[in-house]
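Student: For reference, the sequence and a predicted model appear below.
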Amino acid sequence: MDEAIIKRELSIKRLEPMSSKLHGGCISKARSYHTDKYGDVFIKYNNDEKAREMFDGEFASLDAISLTKTIHVPKPIKSIYEAGRACLVTEYISMTGPAKPLQLGTDLAKLHLHNIDRVSTSGQSGSFVGAAEKDPPPIKQFGFPITTYSGYMPLVNEWTDDWVVGQFVLLRRSFMLDIVSKDANLTIHLFQKYGDRQILSLWPALERKIPSYFAGCHIVPSLLHGDLWSGNYSYDQNGPVVFDPASFYGHSEYEMGILTMFGGFDDEFFTAYHSLIPKANGFSHRVFLYQLFHHLNHWSAFMAVKLGF
């Protein structure tokens with residue numbers, strides 16, 4: 001995106017690159033800048049057709065997490081779109097601090113407990129003068145106001161009352177378990193070569209069993225980061241910082257799915273987290289289930305690339 005557009009949208013005169021080249025991962029490219037109005041900023045760029053919705057979702061996720069005042073995220077400044085190109089402008093944070101896994105575990109648990117605590121005390125809010133004017137109501141459904149993205153995969157964040165039934169239907173749609181029905185050129189050869197037919201045949205059996213994994217669970221919506229793996233957190237001089245969220249209100253244990261898949265979180269982190277949110281009965285089985293959805297996300301994303309979707 002032309003820097004003149006960014007200057008116009010941010011109402012700034014100075015946009016001086018802090019480095020000579022773009023950086024980034026497999027989804028977006030990024031660069032840091034000095035500005036005359038916002039201090040140092042971090043700008044992510046993407047020209048994919050989904051980029052505008054992706055960055056709008058990330059902006060809303062960062063904003064929602066920031067409002068909880070539980071865990072540090074870069075402050076979102078603006079999502080910009082023009083002529084098929086999009087960028088997301090956030091606060092720049094120097095990730096040069098010492099590792100503090102205990103604080104990371106504590107802060108993440110506080111994020112997950114924030115809405116739960118507000119739901120539990122919502123009946124008392126009317127007894128405080130001005131409470132309704134100061135604070136928005138707690139969230140009692142599962143979902144999110146807008147679509148958010150795990151990589152290039154949109155999460156269907158329609159509001160539902162039932163996590164186990166309603167939200168799993170949406171997760172199934174999000175992770176495109178029906179991807180194989182979207183291209184008439186898929187053949188039996190591809191099914192056999194990549195094992196896709198087995199996924200389709202096993203899913204209905206698992207779907208019937210899913211409610212049993214939640215027997216006795218009382219699940220209150222938690223605001224989730226949604227994509228918290230080791231590449232999406234770091235530390236500044238004050239402690240942990242999380243970024244690149246794909247937020248929604250869901251089961252706090254869902255966060256443990258991708259968090260436990262790739263490593264990067266030590267015993268100190270888990271001890272701190274579970275001191276505030278103890279493991280409920282059946283925790284380990286449900287974490288495997290949540291890992292499955294992230295494995296399916298990776299499967300569908302790489303399958304889409306492989307098949308030219």
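Tutor: Noted; the coordinates are in hand. Numbers count the residues shown, from 1 in each chain.
Student: rest of the way, CA atoms for contacts and neighbours
Tutor: Will do.
Student: Could you pull up the residues touching the nearest residue to Trp163 once chain neighbours are set aside?
Tutor: Spatial nearest neighbour of Trp163, excluding adjacent residues (CA to CA, 6 or more residues apart in numbering): Phe142 at 6.4 Å. With contact taken as CA atoms under 8 Å, 6 or more residues apart in numbering, Phe142 is in contact with Asn157, Glu158, Trp159, Thr160, Asp161, Asp162, Trp163, Gln167, Pro221, Phe248, Tyr249, Gly250.
Student: can you give me the helices for the stretch 51-200 of the chain?
Tutor: With DSSP state H, counting those that start in this stretch as the criterion, the stretch 51-200 of the chain has helices at 51-68, 101-121, 131-134, 168-174, 188-194, 196-209.
Student: So which of the contacts of Phe142 sits lowest on pLDDT?
Tutor: Within the contacts of Phe142, Gln167 has the lowest pLDDT, namely 72.
Student: My read is that that one contacts Thr160, right?
Tutor: Yes - taking CA atoms under 8 Å as the definition, Gln167 is a contact partner of Thr160 at 6.5 Å.
Student: who touches both of these two?
Tutor: Here Gln167 and Thr160 have Phe142, Gly143 as joint contacts, going by CA under 8 Å, 6+ apart.
Student: Between the two, which is the more surrounded one?
Tutor: Gln167 (22 against 16; other CA atoms under 10 Å).
Student: Read off the pLDDT value for the closest residue in space to Leu224 that isn't next to it in sequence.
Tutor: Distances taken as CA to CA, 6+ apart place Ser247 nearest to Leu224, at 5.2 Å, with adjacent residues excluded. Ser247 carries a pLDDT value of 98.
Student: how close does Ser247 sit to Thr147?
Tutor: Ser247 is 9 Å from Thr147, where distance means CA to CA, to the nearest Å.
Student: out of these two, which sits in the busier spot?
Tutor: Counted by other CA under 10 Å, Ser247 and Thr147 do not tie: Ser247 has more neighbours, with 30 against 21.
Student: Distance of the more buried one relative to Ile146?
Tutor: For Ser247, the distance to Ile146 - CA to CA - is 10 Å.
Student: try Ser201
Tutor: Ser201 is 32 Å from Ile146, by CA to CA.
Student: Would you mind telling me which of the two has the busier surroundings?
Tutor: Using other CA under 10 Å as the criterion, Ser201 and Ile146 rank with Ile146 on top: 18 against 10.
Student: Hmm, that one is touching Gly57, no?
Tutor: Yes - Ile146 is in contact with Gly57 according to CA under 8 Å; the separation is 6.4 Å.
Student: give me every residue that touches the residue lying closest to His112 once chain neighbours are set aside.
Tutor: Nearest residue to His112 in three dimensions, chain neighbours excluded: Ser222, at 4.9 Å (CA to CA, 6+ apart). Going by CA under 8 Å, 6+ apart, Ser222 touches Leu111, His112, Leu113, His114, Asn115, Ile116, Tyr249, Gly250, His251, Ser252.
Student: Please report phi then psi for Ser222.
Tutor: phi -110, psi 140 (degrees, to the nearest 10).
Student: For it, give the beta-bridge partners.
Tutor: Taking DSSP bridges as the rule, Ser222 bridges to Gly250.
Student: residue ranges with poor pLDDT in this protein?
Tutor: When residues are selected by pLDDT under 70, those of the chain lie in 20-22, 25, 123-134, 169-200, 300-309.
Student: Phi and psi next, for the residue nearest in space to the middle of it.
Tutor: Most central in the chain under CA atoms, centre = their mean is Ala246, positioned 2.1 Å from the mean C-alpha point. Dihedral pair for Ala246: phi -130, psi 70, per degrees, to the nearest 10.
Student: Brilliant, that's me finished.
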